[in-house]
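Trainee: Here is a sequence together with a model predicted from it:
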2 protein chains.
Amino acid sequence: MAGSSEPTRVMVAVNESSIKGYPHPSISCRAAFDWMLSKLVRSNAAGFHLLFLHVQVPDEDGFDDMDSIYASPPDFQRMKQRDKIRGLHLLEHFVNQCHQLEIKCEAWIKQGDPKEVICSEVKRVQPDLLVVGSRGLGPFQRVFVGTVSEFCVKHADCPVITIKRKTDEAPQDPVDD
Amino acid sequence: MAGSSEPTRVMVAVNESSIKGYPHPSISCRAAFDWMLSKLVRSNAAGFHLLFLHVQVPDEDGFDDMDSIYASPPDFQRMKQRDKIRGLHLLEHFVNQCHQLEIKCEAWIKQGDPKEVICSEVKRVQPDLLVVGSRGLGPFQRVFVGTVSEFCVKHADCPVITIKRKTDEAPQDPVDD
């Protein structure tokens, strides 16, 4: 068996909670991460190398602070800087856990449409496996929100595993995460 | 980490080669098995328990031996027996490999429509993960042959991982396997 070979490189797509916001990870990406640790990595920390990708969606309409005044280029710089820091806090959550478990990992942030960026990063980084969480929405809910996981299963250039969050962890509105 | 807990139960759907017939495994199910060993199980044999399911499709029109005469109930019994033996030889291939690698496993045969039976066996056996091979057909070829893997990703009650066979392993007609 390939015990002596290169570690298995697993890319894990993570995002922030739509209910709690940054730096809290979404329910479904936490479920995917926990599942992967307990079912795949198990006690074999040296056999895996985790690659955490967080894709930030450029915020078009949802300003938290509508009463801020953006009067100068530095204001926009600060806003971008703030988003970056939030993303880093999210990644820190996962990197800290890996550090405690002595699992090698890397983490980075990209901007754009999550499904497109995840697939293009798979092409670039060439992991052995992509792990994505899924809210497990029904067909009706899916029509309106789209699903990143379905797109990745179809288009990513590596094996993909979709982990649904547990039913008892789903919030009142299943579109939330 | 869950190193001390129950092993991860992985169901692997296996089928015979459409080119070479029994007892040869299909290219795509061999690819799925090899990938799983090298990328997931790795050196952690004790952490995994493999469950091999082979679904035999009741043979409606393709008699190998058209000149046989089925004249009595025992003839049909023998034919069923023969199919069973072929399926067992296929499973033996995988069980032998697991035995050599000291990975615990089980294997069994069911009859029916592979995609339906795989999903109903997932419901019954409740594995942690289902691994299926895929020929990686394009949309045009898929229309005519259907794909077991796509159905399982949608309908199986557990995480599913689809492993495509390597491009250089695809036979001349990609529908073959």
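Mentor: Ah, there it is. Numbers count the residues shown, from 1 in each chain, chains lettered A, B, ... in the order given.

Trainee: now the strands for chain A?
Mentor: Taking DSSP state E as the test, the strands found in chain A are A:8-14, A:16-17, A:21-25, A:48-56, A:104-111, A:129-134, A:160-164.

Trainee: any idea how far chain B is from the residue lying farthest from the centre of chain A?
Mentor: Note on chain A: the largest separation between a C-alpha and the mean C-alpha position, by C-alpha atoms, centre = their mean, falls on residue A:71 (32.9 Å). Distance, residue A:71 to chain B, using C-beta to the nearest C-beta, to the nearest Å: 50 Å. C-beta here means a position set from N, CA and C on the backbone, and glycine is covered the same way.

Trainee: measure that residue to residue A:78 for me?
Mentor: Relative to residue A:78, residue A:71 is positioned 11 Å away (criterion: C-beta to C-beta, to the nearest Å).

Trainee: quick one: contacts for the nearest residue to residue A:89 once chain neighbours are set aside?
Mentor: Counting by C-beta to C-beta, 6 or more residues apart in numbering or on different chains, the nearest residue to residue A:89 once its immediate chain neighbours are dropped is residue A:23, at 3.3 Å. Contact criterion C-beta atoms under 8 Å, 6 or more residues apart in numbering or on different chains gives A:16, A:86, A:89-90, A:92-93 as the residues in contact with residue A:23.

Trainee: Can you turn the buried subset of those into a selection I can paste into PyMOL?
Mentor: Taking 16 or more other C-beta atoms under 10 Å in any protein chain shown as the burial criterion, the selection of buried members of these in PyMOL is written as:
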select buried, chain A and resi 16+86+90+93
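
Trainee: Quick check: residues of chain A near chain B?
Mentor: Selection of chain A residues close to chain B by C-beta under 8 Å from any C-beta of the partner chain yields A:1-5, A:8, A:35, A:37-45, A:47, A:101, A:128-129, A:153, A:159-164.

Trainee: Emit the ChimeraX select command for whichever of the residues you listed are buried.
Mentor: Here is the ChimeraX command that picks out the buried ones among the residues of chain A next to chain B, judged by 16+ other C-beta under 10 Å:
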select /A:8,35,37,38,39,40,41,42,44,45,47,128,129,153,159,160,161,162,163,164
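
Trainee: where does chain A dip in pLDDT?
Mentor: Applying pLDDT under 70 to chain A flags residues A:1-4, A:59-68, A:139-146.

Trainee: Regarding chain A, what is its longest helix?
Mentor: helix A:73-101 (DSSP state H).

Trainee: Report the buried residues of that helix.
Mentor: When neighbours are counted by 16+ other C-beta under 10 Å, the buried residues of helix A:73-101 are found to be A:83, A:86-88, A:90-91, A:93-95, A:98.

Trainee: Give me the phi and psi for the residue farthest from the centre of chain A.
Mentor: Dihedral angles phi and psi of residue A:71 (degrees, to the nearest 10) take the values phi -110, psi -10.

Trainee: What of residue A:103?
Mentor: Residue A:103 has phi and psi values of phi -100, psi 130 when expressed as degrees, to the nearest 10.

Trainee: Just give the nearest non-adjacent residue to residue A:134, would you?
Mentor: Distances taken as C-beta to C-beta, 6+ apart put residue A:149 closest to residue A:134, at 4.1 Å, once the chain neighbours are dropped.

Trainee: Return the residues in contact with the one you found.
Mentor: A:132-134, A:160, A:162.
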